[in-house]
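K.L.:
What follows is a predicted protein model with its sequence.
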Amino acid sequence: MTTGPLASAPFEWRSITPPDAGFAPDLDGRLDKAIADKRAWGLHGVVVTRMGKLVLERYFTGEDEVWGAPRGRVAFGPDTLHDLRSVTKSILGLLYGIALDLGKVPAPDQNLIAQFPECADAATDPRLQRLTVAHALTMTLGFDWNEDIPYQDPTNSEIQMEQSPDRLRTSSVGPSSPIPAPAGSTARRAPSSSDICW
């Protein structure tokens with residue numbers, strides 16, 4: 001599904017000083033030192049919030065790519081679109097925790113395929129019956145997923161999922177979807193896990 005820009009006005013952050021948010025007063029300087037000491041590198045942006053208030057917001061210029069295609073040096077800012085990749089999984093985990101606390105999502109131990117009534121025909125597949133929401137959140141579904149090949153290669157798993165009219169079945173529950181590892185046994189970076197949770 002493709003969505004357009006948000007129709008509502010952008011959220012206006014209220015600022016708070018680092019000490020008032022519980023951080024060291026020289027938070028900005030510490031970030032600069034970490035970058036200078038090469039303890040932090042390749043940063044495109046750093047945004048720190050606490051208690052719903054903005055503590056620190058900094059953007060940098062750096063190399064970027066989309067789907068493995070270089071974009072060159074980009075001057076990042078608050079309105080710069082960014083190919084997030086694996087950050088999505090961390091954000092999804094945070095959002096899931098909030099939704100779980102509010103009782104809006106199934107518990108981690110719940111059967112995953114049961115969350116998709118549109119895939120009822122796949123619910124009898126024994127390979128899928130053992131999968132839980134936790135397996136999707138921790139990328140331990142055991143699916144055969146390969147992004148080690150270039151994104152321009154049509155056999156790249158993410159490209160296959162992106163081009164499919166049914167992302168869920170392509171990424172996971174199709175009758176020919178191989179599940180070579182037992183669920184919970186192997187963590188394998190797979191955007192399909194995020195798509196399934198989302």
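P.N.:
All right, it came through fine. This one's a predicted model, so the numbers in the text were calculated from it and none came from an experiment.

K.L.:
In terms of helices and strands, where is the residue nearest to the spatial centre of the chain?
P.N.:
Nearest to the mean C-alpha position of the chain, by Cα atoms, centre = their mean, lies residue 88 at 1.4 Å. Using DSSP states H and E, residue 88 falls within helix 87-101.

K.L.:
swap in residue 63?
P.N.:
strand 61-66.

K.L.:
Let's test this: mean pLDDT of stretch 160-176, rounded?
P.N.:
Averaging pLDDT along stretch 160-176 gives 65.

K.L.:
Can you show me the helices along this protein?
P.N.:
27-36, 87-101, 126-129, 133-137, 157-163, 167-168, 191-197 (DSSP state H).

K.L.:
quick one, which of these is nearest to residue 145?
P.N.:
helix 157-163 (4.6 Å; Cβ to Cβ). Every residue, glycine included, has its C-beta placed from N, CA and C.

K.L.:
rewinding a little: can you list the strands that the strand holding residue 63 pairs with?
P.N.:
When sheet partners are counted by DSSP bridges, strand 61-66 sits next to strand 69-75 (antiparallel).

K.L.:
Need the CA coordinates for the strand it pairs with. PDB is fine.
P.N.:
Extracted in PDB, the C-alpha atoms of strand 69-75 (Å, rounded to 0.1, in the frame of the first residue of the first chain):
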ATOM      1  CA  ALA A  69      21.500   2.200  -5.700                       C
ATOM      2  CA  PRO A  70      23.700   5.000  -4.500                       C
ATOM      3  CA  ARG A  71      22.100   8.500  -4.100                       C
ATOM      4  CA  GLY A  72      25.500  10.200  -3.500                       C
ATOM      5  CA  ARG A  73      26.000  12.700  -0.700                       C
ATOM      6  CA  VAL A  74      22.700  13.900   0.800                       C
ATOM      7  CA  ALA A  75      22.200  16.800   3.100                       C
END
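
K.L.:
what separates residue 39 from residue 141, distance-wise?
P.N.:
34 Å (Cβ to Cβ, to the nearest Å).

K.L.:
between the two, which one's more packed in?
P.N.:
Between residue 39 and residue 141, counted using other Cβ atoms under 10 Å, residue 141 has the larger neighbour count: 27 against 8.

K.L.:
From residue 81, how far out is the more buried one?
P.N.:
Taking Cβ to Cβ, one finds residue 141 at 29 Å from residue 81.

K.L.:
Now do the contacts for residue 98.
P.N.:
Shown in contact with residue 98 (Cβ atoms under 8 Å, 6 or more residues apart in numbering): no residues.

K.L.:
Tell me the pLDDT of it.
P.N.:
For residue 98, the predicted pLDDT is 94.

K.L.:
Since that was my last question, I'll sign off now.
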